[in-house]
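Engineer: Turn this into a structure:
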Amino acid sequence: MSGQANNSTHGVTLEMMLNQLHAHFGWEGLAERVDIRCFRNDPSIKSSLVFLRRTPWARAQVEALFVEMKSRPADSRPRLFGKKAG
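Structural biologist: Residues are numbered from 1 along each chain as shown. The predicted structure is shown next:
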């Protein structure tokens with residue numbers, strides 16, 4: 001085995017990562033964490049994918065943010081299903 005079982009990006013496309021990061025942080029939150037123009041100026045999944053596929057250093061930062069987000073304990077993630085707030 002090549003160690004892919006411990007790789008949290010294995011089997012996850014860049015588009016899937018970006019969609020999950022956007023859902024979790026929003027464009028503003030992504031721009032704060034990864035300082036690239038495609039997250040600040042008229043952001044979209046499509047334009048961000050084009051940039052990230054052509055820019056290895058930026059893609060590496062996005063992948064690292066994805067791994068960090070996935071490695072947090074479940075309790076620190078937003079609850080999708082649960083009691084309604086007050």
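Engineer: Is Asp42 part of a helix or strand, or is it coil?
Structural biologist: coil (DSSP: H, G, I helix; E, B strand; the rest coil).
Engineer: what about it, how many neighbours?
Structural biologist: Taking other C-beta atoms under 10 Å as the neighbour definition, Asp42 ends up with a count of 8. For glycine as for every other residue, the C-beta is placed from the backbone atoms N, C-alpha and C.
Engineer: Show the contacting residues for it.
Structural biologist: The contact partners of Asp42, taken as C-beta atoms under 8 Å, 6 or more residues apart in numbering, number zero.
Engineer: Now do it against Leu14, distance only.
Structural biologist: Taking C-beta to C-beta, to the nearest Å as the measure, Asp42 falls 20 Å from Leu14.
Engineer: Return the residues in contact with the spatially most central residue of the chain.
Structural biologist: Nearest to the mean C-alpha position of the chain, counting by C-alpha atoms, centre = their mean, stands Leu21 at 2.9 Å. Residues counted as contacts of Leu21 (C-beta under 8 Å, 6+ apart) are 30, 62, 65-66, 69.
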